[in-house]
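Q: Let's see this in three dimensions:
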Amino acid sequence: MRGRAFIKTTASRAVALFSIVVLIGLLPWFSGQRPEYTVLRARYADREATDETLSMIRAELGLDRGPVHIFLEWAGGLLRGDTGNSWITNTPVGPGIVEALGVSVTLMACAMVVASLVATALCVPCVLRGLAGNPGRGSGIVAAATTALPEFLLAAMLLVIGAVWLGCFPPYGWQGVGHAVLPALSLGMPAGGLIGRLLSDAISLAFAEKWVGTWAMAGASRARLTAAVLRRALPSVMSQIGLVLIGLTGGAVVVEKVFAIPGLGRAVLVAASAQDIPALQAGVLALLVLAVGAGSLSAAARYLLLGAALRSGTVPVPEPPGRSRRRDSAVPLVAAGALILVVVAGLLRDPFTSSHARLASPGFGLPFGADASGRDLLARVGHGAVSTLGTALLVVLACLVIGMVVGLFPLAATGPLEVANAAPPILAGLIVAVMTGPSAEGAAIAVTLVSWAPLAAHTAALAQEARAQPHVRILPVLGVGRLRVLWRYLLPAILGPVFRHSMLRIPGIALALAALGFLGLGPQQPSPEWGLILAEGINYVERAPWTVAAPASALIFASILAVSLSSVRWRR
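A: Modelled structure (predicted):
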């Protein structure tokens, strides 16, 4: 069984890796564009775009021999340790990719330290409640607000506060540990909020299991009981920690751009934008190798934590959560009321007319102030709610369905899962935009293509634990079919936690769509999309903070509402 599982996992990774490399390698032909024009502008700007010159460039790049020859030649060079030469600079791409990878790994390590501190702070109240005999979940307001912080907005605000106002940190570059503080905070705080929320949920469920009461009655110390609960709770989120690790490396493109950090994400983005296929192939390959390594490490850690219970089929069955308290409904009601008030008030106003003073401050007539074009920010935020949250919700629901279906077949899905998580939404957006052109629909497709992986990993982890429980393992012996086991026993144990996790993804999905819009790969001006409003206001955050406070507050309210509703205990 173990041999077959290893073969399936290895084959899945190999097929996924080969498929994505072939896709990237054939991108010039899929797009219908002619990369020789890009090379002409980069290398031979003094020459005319004649048929003779273009033919010379095609022969120089080997494009005249077809895509199959190009790919085979690149793959043969890769086996020899040669990743090829840049189409733009005609220099080897390998050394630059290795250097960028080292920068990103260092930044990732610093961000994980920040994420660990944030997650620990969020989990401490949950542990204290469990030790006191009240393991119910909290409202998760702080975790939701932390997760909802836009990384590029957080980076810009930290840049202004830490580098401009306080002068304590360098504003850009990568020359020492001091240059990593602000970027690590920008990346680590949202990641820590997500991990903290997921781990708090798992800790609450672990404290509700019967063995905890038995240990307490047997005189187990608080420290030993806490350690045991953490060991029980960590396996269900270990896969998420591994995916967050990959996401920090591959998805920090905007933060690396804000702080001018020469990391791998930024290098891949630049290569994709310039149609520098050799550099793009090498960068994507580095991301995928890193994804496989991080996935293997997280799987090994999970096996060490839960291996004995999985082998013996003694995974304890969690107790169903208790009823919700009335006061818990206050959180979603307040968040929904504030969001509805902003949206309704904004929909009654004109979001496109520049009828106010440039960067007008908030007042009675302009509750949120005006943007750099003199447009009413309240109106733009209200009208942008439909496009931003509506698109994000549709993407999340699609990712939920894909993630649950894929997660039920974890061995075969290992490769696609790691590939999807290793590809930043911006990179996927570039590929889709090259094929179909920039649009809101293309941005939604791109984000969906890479955002189902965390939900699939969570589904796979929960399904593995559910299958290892004694009452589930005995069902096939009793003649219960696979379909009934899946529908009656596995899905009810998986759907609730994964749905709550998907609701946590709404702000991140909205921000991914916003980032694509900021780079010109999604909705275009004058669309009142929240991400575009944030992108416009970042340049004025120091002298006109209200230009980013309005859309940021709306995103945070939406995140708190989503998380609060996801925590409601519905009747079966």
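Q: Please name the nearest non-neighbouring residue to Val432.
A: Ala446 (4.2 Å; Cβ to Cβ, 6 or more residues apart in numbering). Bear in mind the C-beta positions are built from the backbone N, C-alpha and C, glycine included.
Q: Relative to Gly517, how far out is the one you found?
A: To Gly517, Ala446 is 12 Å away according to Cβ to Cβ, to the nearest Å.
Q: okay, and the common contacts of these two?
A: With contacts defined as Cβ atoms under 8 Å, 6 or more residues apart in numbering, no residue is shared by Ala446 and Gly517.
Q: Run a quick neighbour tally on the residue nearest to Val432.
A: 29 (other Cβ atoms under 10 Å).
Q: ok, it - contacts?
A: Pro425, Ala428, Gly429, Ile431, Val432, Ala433, Leu516, Leu521.
Q: what about the nearest residue to Ile426 once chain neighbours are set aside, neighbour count?
A: Nearest residue to Ile426, sequence neighbours excluded (Cβ to Cβ, 6+ apart): Val253, at 4.9 Å. Counted with other Cβ under 10 Å, the neighbours of Val253 add up to 24.
Q: doesn't Ala267 make contact with Val253?
A: No. Using Cβ atoms under 8 Å, Val253 makes no contact with Ala267, being 9.5 Å away.
Q: got the buried residues for the longest helix along the chain?
A: Secondary structure of the chain per DSSP state H: the longest helix is helix 94-131. For helix 94-131, burial by neighbour count (16 or more other Cβ atoms under 10 Å) applies to 94, 96-97, 100-101, 103-104, 106-108, 110-112, 114-116, 118-119, 122-123, 126-127, 129-131.
Q: ok, now stretch 336-350?
A: Buried, per 16+ other Cβ under 10 Å, within stretch 336-350: Ala336, Ala338, Leu339, Val342, Val343, Gly346, Arg349.
Q: Which ones among those residues map onto strands?
A: In strands, judged by DSSP state E, none of the buried residues of stretch 336-350 are found.
Q: Return the subset of the residues you listed lying in helices.
A: Ala336, Ala338, Leu339, Val342, Val343, Gly346.
Q: which one is the first one nearest to, not counting chain neighbours?
A: The shortest distance from Ala336 to any residue that is not its chain neighbour, by Cβ to Cβ, 6+ apart, is 5.3 Å, and that residue is Leu561.
Q: The third one now?
A: Across the structure, with Cβ to Cβ, 6+ apart as the measure, the residue nearest Leu339 apart from its sequence neighbours is Phe557 (4.6 Å).
Q: what residues are up against the one you found?
A: Contacts for Phe557 (Cβ under 8 Å, 6+ apart) come out as Ala335, Ala338, Leu339, Val342.
Q: Out of those, give me the two with the largest separation.
A: Farthest pair in these (Cβ to Cβ) is Ala335 and Val342. Separation: 11.0 Å.
Q: Surely Ser354 is within a strand?
A: No. Using DSSP: H, G, I helix; E, B strand; the rest coil, the assignment for Ser354 is coil, not a strand.
Q: So which of the buried residues of stretch 336-350 is the closest to Phe364?
A: For the buried residues of stretch 336-350, the nearest to Phe364 is Arg349 (13.7 Å; Cβ to Cβ).
Q: Skipping its backbone neighbours, what lies nearest that closest one in space?
A: Ala379 (3.5 Å).
Q: From the contact counts, what lies against the helix or strand harbouring the one you found?
A: Ala379 is part of helix 377-407, with elements assigned from DSSP states H and E. Using 3 or more Cβ pairs under 8 Å, 6 or more residues apart in numbering; DSSP states H and E, the elements in contact with helix 377-407 are helix 330-347, helix 410-422, helix 440-451, helix 453-467, helix 491-518, helix 530-538, helix 546-566.
Q: and Met404, which of those is closest to it?
A: helix 453-467 (5.0 Å).
Q: so that closest one versus helix 491-518, what angle?
A: Orientation check (axes from the mean of the first three to the mean of the last three Cα atoms, to 10 degrees): helix 453-467 against helix 491-518 gives 170 degrees.
Q: just checking, what packs against helix 453-467?
A: helix 222-250, helix 277-312, helix 377-407, helix 410-422, helix 491-518.
Q: Please spell out which residues along the third one are buried.
A: By neighbour count on 16+ other Cβ under 10 Å, the buried set for helix 377-407 is 377-385, 387-389, 391-393, 395-396, 398-400, 402-404, 406-407.
Q: Now Arg375. Nearest residue, chain neighbours left out?
A: Once flanking residues are discounted, Arg375 sits nearest to Ser354: 5.5 Å by Cβ to Cβ, 6+ apart.
Q: Any regions of the stretch 151-300 of the chain where pLDDT drops low?
A: 239-240, 243, 246-247, 249-251, 291-292, 295, 299 (pLDDT under 70).
Q: Repeat the analysis, applying 50 as the threshold.
A: Within the stretch 151-300 of the chain, not a single segment meets pLDDT under 50.
Q: Then the stretch 1-150 of the chain?
A: In the stretch 1-150 of the chain, residues with pLDDT under 50: 1.
Q: and for stretch 390-409, what are the contacting residues?
A: Under the contact criterion Cβ under 8 Å, 6+ apart, stretch 390-409 has outside partners 413, 416-417, 440, 444, 447-448, 451-460, 463, 486, 490, 494-495, 498-499, 502-503, 505-507, 509-510, 513.
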